[in-house]
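# Based on what follows, work out the 3D shape:
(4 chains)
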Protein chains: 4
Amino acid sequence: MCGIAGAYSENLLAGKYVYYLLFSLQHRGQESAGIAFFRDKLEYKKGMGLVSEVFSSEDLVPARIAVGHVRYSTTGTSRLECAQPFVVKSKIGNIVVAHNGNLVNYQSLRRELENEGSVFTTDTDSEVIAQLFSRLLMTKDLEDALRNLSEKLVGSYSCVLMVNDALIAFRDPLGFRPLCVGELEDGYVVCSESCAIDALDGRFIRDIEPGEALVIQNGELEFFKFAECRRRAFCVFEYIYFARPDSVIDGVSVYRARSEMGKILAEEAPAEVDFVSAVPDSGITAAIGYATRLGLPYMEALIKNRYIGRTFIMPKQELRELLVRMKVNVIRDNVEGKKIVLIDDSIVRATTSKRIVEMLRKAGAKEVHFRVGSPPIIAPCYFGIDMKTREELVASRHSVDEIRDIIGADSLGYLSLRGLLSAVGKRGLCMACLTANYPVPVPGERFSPEERQP
Amino acid sequence: MCGIAGAYSENLLAGKYVYYLLFSLQHRGQESAGIAFFRDKLEYKKGMGLVSEVFSSEDLVPARIAVGHVRYSTTGTSRLECAQPFVVKSKIGNIVVAHNGNLVNYQSLRRELENEGSVFTTDTDSEVIAQLFSRLLMTKDLEDALRNLSEKLVGSYSCVLMVNDALIAFRDPLGFRPLCVGELEDGYVVCSESCAIDALDGRFIRDIEPGEALVIQNGELEFFKFAECRRRAFCVFEYIYFARPDSVIDGVSVYRARSEMGKILAEEAPAEVDFVSAVPDSGITAAIGYATRLGLPYMEALIKNRYIGRTFIMPKQELRELLVRMKVNVIRDNVEGKKIVLIDDSIVRATTSKRIVEMLRKAGAKEVHFRVGSPPIIAPCYFGIDMKTREELVASRHSVDEIRDIIGADSLGYLSLRGLLSAVGKRGLCMACLTANYPVPVPGERFSPEERQP
Amino acid sequence: MCGIAGAYSENLLAGKYVYYLLFSLQHRGQESAGIAFFRDKLEYKKGMGLVSEVFSSEDLVPARIAVGHVRYSTTGTSRLECAQPFVVKSKIGNIVVAHNGNLVNYQSLRRELENEGSVFTTDTDSEVIAQLFSRLLMTKDLEDALRNLSEKLVGSYSCVLMVNDALIAFRDPLGFRPLCVGELEDGYVVCSESCAIDALDGRFIRDIEPGEALVIQNGELEFFKFAECRRRAFCVFEYIYFARPDSVIDGVSVYRARSEMGKILAEEAPAEVDFVSAVPDSGITAAIGYATRLGLPYMEALIKNRYIGRTFIMPKQELRELLVRMKVNVIRDNVEGKKIVLIDDSIVRATTSKRIVEMLRKAGAKEVHFRVGSPPIIAPCYFGIDMKTREELVASRHSVDEIRDIIGADSLGYLSLRGLLSAVGKRGLCMACLTANYPVPVPGERFSPEERQP
Amino acid sequence: MCGIAGAYSENLLAGKYVYYLLFSLQHRGQESAGIAFFRDKLEYKKGMGLVSEVFSSEDLVPARIAVGHVRYSTTGTSRLECAQPFVVKSKIGNIVVAHNGNLVNYQSLRRELENEGSVFTTDTDSEVIAQLFSRLLMTKDLEDALRNLSEKLVGSYSCVLMVNDALIAFRDPLGFRPLCVGELEDGYVVCSESCAIDALDGRFIRDIEPGEALVIQNGELEFFKFAECRRRAFCVFEYIYFARPDSVIDGVSVYRARSEMGKILAEEAPAEVDFVSAVPDSGITAAIGYATRLGLPYMEALIKNRYIGRTFIMPKQELRELLVRMKVNVIRDNVEGKKIVLIDDSIVRATTSKRIVEMLRKAGAKEVHFRVGSPPIIAPCYFGIDMKTREELVASRHSVDEIRDIIGADSLGYLSLRGLLSAVGKRGLCMACLTANYPVPVPGERFSPEERQP
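The predicted structure follows:
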């Protein structure tokens, strides 16, 4: 889970553009942020925390091109050293890498490079990409180098790079993670999601296609294919949960997809209740869809505290039991004596769901029905979403009835795979976490190059 | 706009309780935070920023009683020196004051004290209260001192004090600002809003009444009246906008009040549209009520970036025009070709409303109707809400039709005063900002001790 | 132990002047620093740490007058709240107080003020002075107010004040602590020591006399006597240890005084040794004088690590024994097989002296003789030097012979009182710590208005 | 100019040992500090500033081996990224490099590595050494790898490395920079100077010889020669200025060498004056020697402000002229009407010397004679001392008479080369900055493998 951005600006505003792009992509990672600036020379700043915490005005130096990154760690430990973008100098000059995704063959690629004498300063995919790409560029031109790179990398990788004075963006041949390009008055921007282009009042040009690269140099845009995209495997979880609802990715409005998930869920798993409510904020859009389809009122049963930050002091045992509603509180007045259906976007471990059902019951809810805007998550993700192990996934070890009992709901319903596909309205999705069929070979997992037809 | 809290704990957890109470009251002030701790000796810490930024674990020392404050400045400048609680030592011992409200006669009280030789280190109401109360306690017992104090103070004041080892909470005789008391396993808490008691899983005991004081000492609770409450003047803006929706104040659920505002607004100012939407987050509850009453769908047309913080770098002129959707972005897919009614809780200057209407039109909305969940704000508040001058209030200088033209909406409707009263469901409100009739004498303003009957 | 400074500047450089003055007075206090600036309005900044740590460029706002302070706490606890200057507003306007010294009757003055209704935010002398002076100025003109103030204050007080747009400096009637005034191109400065005027290339005008005040307003200097100085009691320890050697105080060069102490010590307590050395840095000047008088070589036997700071991690028990020379190390080559006389300016607890003698012996010194450039310290200081209790003072409980055994030296000699007076070359000194005769009444101590004739 | 340290501790105190070692080496670099800790896993922390600013107690984790560094940049820019030790992972495991010195063939080594595909994250010698050594260790054992490394590296390099669980220290075959080893109760330490071993009360074992390596693993010490030392080239400037006077390097006491420089200078360039004084602190030891030899009194004419730190605000033009004695002030009383000879260790640009002579004259000195404890610096250093270009070196473009006129002294005398050698008392020194004969080939400079015989 990361956000990446790049900018080219005739008026040397590239650093500022990237700052504001990252700010709009902050939901994709809050652990660290970094920007590399290039005008005549390369400068960069990285730090732990939010974009607004890491950068002050004087950091945003004039730049013709800039590359930025917000990180929520999936590989590598949580330290400043692992903050991106990764910046190196090599025979071919400066290389800056901002990467969103996860390399499945990271270990073997790294071992291969180490055998050739490479040393590493971090445990990040980005450093492997930087070193590999640098070596390839020593003997090949950009297109060939990218072609070779794509043959070597297995996994997900949407990347924004700076190679000397060129801004390069590319997306892996299966298109796991989003990446799009937009136009501003004095230049161009690339970024993970279209909402960031909106914020700058830019013109959305188009998504970068799977296996496609974009090079921006001297104000010129050049697109080219560096790998054939035989099938797509866009992460369905971007639509379910991860992307911002005001983004449009690969032609699909995230908001509309979520709303449809709610509507189809309503058909597949209706509930006889007084009103529909959501687990805030992630379940709201699906909940409104659910309510609309069934003609039920939508109401807020829960309110979220927006001020939880990294430095919030989590209570020790003495107070943990006491603090039940620090993050989410019940609006008791709405709940007392009511039959409620609660919509969430997904269930991972079920601990939060359980706590919320308890809170609603304690506040006097007569019935609490739980509905989930996606199918059960049964398998881990190896492509960048933070769902580590099968053990943590409640649905990998329990039936729906068991989960209903675990969370204490009166009923529980999930959206079907078929319903999900119908809601998104297109094929070519990676649904490995829902089907355990992986679109690229992952050691120990089933490889299923064709999407399972539900 | 401030939040105040106090705790008494047999197990010396008072400091931690206040930390978590303040955290739940963070919406009432993000500028500074402070806590005073008392066990054998008095300690305190104050700082600029959020509760979670100011305090680290080791700051929360064991304490039998503690008093805390979150501040959004209304008087005094924005500096660390003005952070509360205000802590002094005097003849009668330690006095700690956390104050929510605004003294109308601050200047004359201060002058009076200065004439008696007092010096001041800040420009805050709290320092005036501390000095005055300290002087009164030199010759009177607590009840008499409070009685005298209330005769001197004109304006709004909900206060939590520590006087040596006693925790004292009181509310001005008109009850402008909220204050309530709850029970925990090993003690008691007082705080601005009931939601903070919920978060600690405490038992809500009751609101402190206007003109009532509560003293907690040696584990004993004692309530007494220090001033007669001939009429109430609870700030209607707490219901409209300021309080958290999961709080219940003076017997009225804030959520229900807002929902009713939306419903009555729907009756008073319906709109023929495709769907209802809200200016996030403040208009959401009213919007859902509005949609429900008219049987229209409720949808999200706008999405809010949750990561704007104090240190966000506001763009200079070069980029300001460009950055249109940094804080709020349109979900274009929902908006294009649609007739929309947009609900907000109130309009102060109209600049944000104007910008949002523009954004919706640019995204292709066919019609944009604007509805406001409260009557026009025509007069400044002198009791703690940050609406400074008549000049800034668009409705003090313009008719509804003019405001409609200013913001560029197809139509504009406000809730009536009668509708507002009906939504709250009770009398005894301060509606000075909506009527220009003030419940206490304010120099240059109309004094209207009886609530205007709409 | 504190340093104080003030400046008046036509070119609005007063804040910068005070910054550089404080920087030259940093040896007088490293715990906290603060500056108050006045142009049209009053601003101030205080912080923990060195002057260079507390202030950045943007803090030094344009100011016509400014007052600053560096603090090493003697009263009050070590917290930001106690940092000076103390700034208040009162009936008579703004008062800023920077104080160097210690009020013997602090408690009774405070109680008196509390009885009149004053509240206190700190435990500092400065707050008492500010409140008292403010009350006096309510009914009196400046001269009368100062006269009255001096009648009330018992103890040592060199002060720099700002009262609205006037810069005021005064020195207690016994002149315990130094204070002088200098002229710059565009204004005037007052400060604790003349070395700070030198650093600004200013012209030293003169010392402020005991019982004298200086008012700088509208560019005019006005001196006046507010109290008669019947006898002087300038702190002899300023000459022995505390002041900077490049300062001249009350007409006496600090360097020359120290050098003379060494020379007279040489006569009073000669030693037959290979060379003379010093405990760095405090004993160097006296050591050079000692060597000169005896015609012995002066050499460095010990070297000091200059990088010990506030945040140096002091080792736990496991390493404490190991770390013998972290602050001072022996130059073994100079010491091996040699007879040495080591000069220090004074002995307080004798722990450092003991350790140093051990180190020299361990490094192979044949004989280690110890000489002290001042008489034995036998009584605590109540006027601002940090020698708390008799129990800590080795010479209050032990004879010279016993101290020699405690520190393990081959011989030990102190300068006589007569020798000290002769070295300073003038009368009118407070030598209470050396004689136990106090120049003002201190509860429990002998009051001896006339200096003891040695 | 850097300081390096390493420790092996049975009791897991290696991290703390290195902290205290670095603290004693702080004079060798104040820009950044870093320590790498190894117990079961490798951790490290680096930061800008002093050792005591960078590390807090919790940073000093238990460690069996640790490697540390303090830096004053000679190559690389002044940024956190360039702070050492340099830590990488490679095929052969973890490598940590702390380096003191300067590689003359840095560019060609780096180009060579880049041609083999290496990428670089910094511009430091240490990264080149880490990458090169890592590659060599892929195919060779430690001794062969070091042998090969020494064949490749041209320039000065005293290094402390960690390679997995081995602590390795080595010194280039000419022995430019110091490096020594000591024994503690539970282990061993290596460090730049012996004074750091003293501080820990350790037993000095011996200097590491030019071309010699020391490996500490599993508590065993192993020394071996990896390159023949045909001639030595120890930096004479370590004796003149850079090392701490309480260190003994290659059998020579730094203090004694400096003292001898002063004595021989006295013979070569005597002065008829009232007393001898020093530019503090660097000239003090030589000045005492000078005075002793001539039988003249030694006195302090100048006093240094010890509180100049990195964050001191340098005045803008408006005040620069005014601030003459911020760093060094005259003790006027000593100077007025006197004939003075002032001793400094060396003259680089002459700007400070000029200013000091001016100050002394302004304070009334009758004659100011200047003597320098080393010969004129006429050529740049390529081995780690920060004397960049010939243009900056006043003696490379001016005769002694001209320099005398530039600084405004009545007379000027330098120590001769012969005198310097005699003072140090041994051959095998690099005196390239004084002779322009370089002991290793430097492009554009004269290569003179044999020391010039003065």
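# Please report how far the one residue in the stretch 251-400 of chain A that gets nearest to chain D lies from A:Gly49.
Here the stretch 251-400 of chain A gets closest to chain D at one residue, A:Thr311, 16.7 Å apart by CB to the nearest CB. All C-beta spots, glycine's among them, are computed from the backbone N, C-alpha and C. Using CB to CB, to the nearest Å, A:Thr311 is found at 9 Å from A:Gly49.
# More neighbours: these two, which one.
A:Gly49 (18 against 14; other CB atoms under 10 Å in any protein chain shown).
# Can you give me the domain boundaries for chain A?
A:2-230, A:252-304+A:326-424 (automatic domain parsing).
# secondary structure class for the closest residue to the residue of the stretch 251-400 of chain A closest to chain D other than its chain neighbours?
In space, and not counting its chain neighbours, A:Thr311 is closest to B:Ser52: 4.8 Å by CB to CB, 6 or more residues apart in numbering or on different chains. Classification of B:Ser52 using DSSP: H, G, I helix; E, B strand; the rest coil returns helix.
# so B:Ser52 makes contact with B:Phe23?
Yes. Look at B:Ser52 against B:Phe23 with CB atoms under 8 Å: they come within range, at 7.0 Å.
# These two - which one has more neighbours?
B:Phe23 (26 against 19).
# pLDDT score assigned to the more buried one?
If you check B:Phe23, the pLDDT there is 95.
# And for A:Val54?
For A:Val54, pLDDT reads 94.
# Return the residues in contact with it.
A:Val54 makes contacts with A:32-34, A:45-48, as judged by CB atoms under 8 Å, 6 or more residues apart in numbering or on different chains.
# Surely A:Leu161 forms part of a strand?
Yes. Applying three-state DSSP, one finds A:Leu161 inside a strand.
# since we're on it, how many residues are nearby?
By other CB under 10 Å, neighbour count at A:Leu161 equals 27.
# So what sits opposite it in the bridge?
A:Val97, A:Ile168 (DSSP bridges).
# unless I'm mixing things up, it is touching A:Leu179, no?
No. At 11.9 Å, A:Leu161 and A:Leu179 do not qualify as touching, with contact defined as CB under 8 Å.
# intersection of neighbour lists for the two?
Going by CB under 8 Å, 6+ apart, residues that sit against A:Leu161 and also against A:Leu179 are A:169-170.
# Find the nearest non-adjacent residue to A:Tyr307, please.
B:Gln26 (4.2 Å).
# was I right about the one you found contacting B:Met1?
No. The pair B:Gln26 and B:Met1 fails to qualify as a contact (CB under 8 Å) at a distance of 11.6 Å.
# can you list the residues of the stretch 1-150 of chain A near chain B?
Within the stretch 1-150 of chain A, the positions lying close to chain B (CB under 8 Å from any CB of the partner chain) are A:11, A:13, A:16, A:19-20, A:23-24, A:26-27, A:30, A:50-53, A:55-57, A:60.
# and if we set it to 7 Å?
Counting by CB under 7 Å from any CB of the partner chain, the residues of the stretch 1-150 of chain A close to chain B are A:13, A:16, A:19-20, A:23-24, A:26, A:50, A:52-53, A:55, A:57.
# on that earlier part again, who wins on neighbours among the contacts of A:Val54?
A:Ala33 (29 neighbours).
# And the helices in the stretch 201-350 of chain A?
A:236-237, A:254-268, A:284-294, A:317-320, A:332-335 (DSSP state H, counting those that start in this stretch).
# What average pLDDT does the first one get?
The predicted model gives helix A:236-237 an average pLDDT of 96.
# Just confirm A:Ser346 contacts A:Ile240, I think it does.
Yes. At 6.0 Å, A:Ser346 counts as touching A:Ile240 under the criterion of CB atoms under 7 Å.
# burial measure for A:Ser56, as a count.
For A:Ser56, the neighbour count with other CB under 10 Å is 11.
# what are the phi and psi angles of it?
Backbone torsions for A:Ser56, taken as degrees, to the nearest 10, come to phi -120, psi 170.
# And A:Leu153, by the same measure?
phi -80, psi 130.
# contacting residues for it?
A:Leu153 sits next to A:103, A:172 when contact means CB atoms under 7 Å, 6 or more residues apart in numbering or on different chains.
# go with 10 Å
The contact partners of A:Leu153, taken as CB atoms under 10 Å, 6 or more residues apart in numbering or on different chains, are A:101, A:103-106, A:109, A:125, A:128-129, A:132-133, A:159, A:172-173, A:227.
# where does chain A dip in pLDDT?
A:73-78, A:310, A:324, A:387-388, A:450-454 (pLDDT under 70).
# residues from it in reach of chain D?
Taking CB under 10 Å from any CB of the partner chain, the part of chain A that reaches chain D is made up of A:43-46, A:79-81, A:86-92, A:95, A:110-111, A:113-123, A:127, A:130-136, A:138-139.
# just checking, which of these belong to strands?
A:43-46, A:86-90, A:95 (DSSP state E).
# who wins for neighbours among those?
Going by other CB under 10 Å, A:Phe86 tops those with 29 neighbours.
# Please look at A:Glu209 and A:Phe234 and confirm they touch.
No. Between A:Glu209 and A:Phe234 there is no contact under CB atoms under 10 Å: 11.2 Å.
# neighbour-wise, which of those two wins?
Each of A:Glu209 and A:Phe234 has its neighbours counted (other CB under 10 Å); A:Phe234 has more, 27 against 18.
# Make sure that one is actually in contact with A:Pro210.
Yes. At 8.1 Å, A:Phe234 counts as touching A:Pro210 under the criterion of CB under 10 Å.
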